[in-house]
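[1] the following comprises the amino acid sequence and a computationally predicted model.
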Amino acid sequence: MAFSSLPSYIASPSLSPQHLFMLMDDNSQSSSSSSPPPPPPTPTPSSPATPRPRPRQTQRAIAALENELDFLRDECATINVVLTSLRDAYVSAGSPDSQEDDAKKEVRTAYDDLTAKVVQLERKVKILERELQSTQGEWQGLFSQ
């Protein structure tokens, strides 16, 4: 996945809860030593046959993409919070047998809901990436005039 700010454990929603929690712990420990982002790609001139977009339309498209990206970041943060509370609930499920079964059911249900949210987030990120590439091409077309 090209969206590098998503934690690695979100990219694979088919993991078991135990493996997911281990990956989440590993990611939270290694997040403090992250490297700087790669430099942006160099712009290439567009072909003369490409229609030139209007600057205001392109700026609106970029603003819409920024808003969508902010929304997706919030969704990712929400997923992280839910995953952390799921991990805590799963670890602390050492209660009597009757309550343990109920706790396991709740954790499974919450994990299924979380997995669905992750899949939905992945789809939205892919759509956003396509829109961003399209808008980037239009934006570069404006500057190559």
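    Arrived safely. Given the structure is predicted, the values throughout are model-derived calculations rather than measurements.
[2] which ones are touching Gln120?
    If you count contacts by Cβ atoms under 8 Å, 6 or more residues apart in numbering, Gln120 has none. Where C-beta positions appear, they are placed from N, C-alpha and C, glycine not excepted.
[3] what strand or helix carries it?
    Using DSSP states H and E, Gln120 falls within helix 97-143.
[4] where does pLDDT dip in the protein?
    By pLDDT under 70, the weakly predicted segments of the chain are 1-54, 90, 92-98, 142-145.
[5] show me it divided up by domain.
    57-93, 95-144 (the TED database).
[6] which residues touch Ala63?
    Ala63 touches nothing, counting by Cβ under 8 Å, 6+ apart.
[7] ok, now how distant is the closest residue to Leu69 other than its chain neighbours from Pro55?
    Nearest residue to Leu69, sequence neighbours excluded (Cβ to Cβ, 6 or more residues apart in numbering): Leu128, at 6.4 Å. For Leu128, the distance to Pro55 equals 22 Å [Cβ to Cβ, to the nearest Å].
[8] how about Asp113?
    Computed with Cβ to Cβ, the distance linking Asp113 and Pro55 is 43 Å.
[9] and for Gln99?
    62 Å.
[10] show me the contacts for Arg123.
    So Arg123 contacts nothing (Cβ under 8 Å, 6+ apart).
[11] just give me the neighbour total for Leu83.
    22 (other Cβ atoms under 10 Å).
[12] element containing it, please.
    Per DSSP H and E: helix 55-91 holds Leu83.
[13] rewinding a little: show me what contacts the residue nearest to Leu69?
    3, 65, 68-69, 72.
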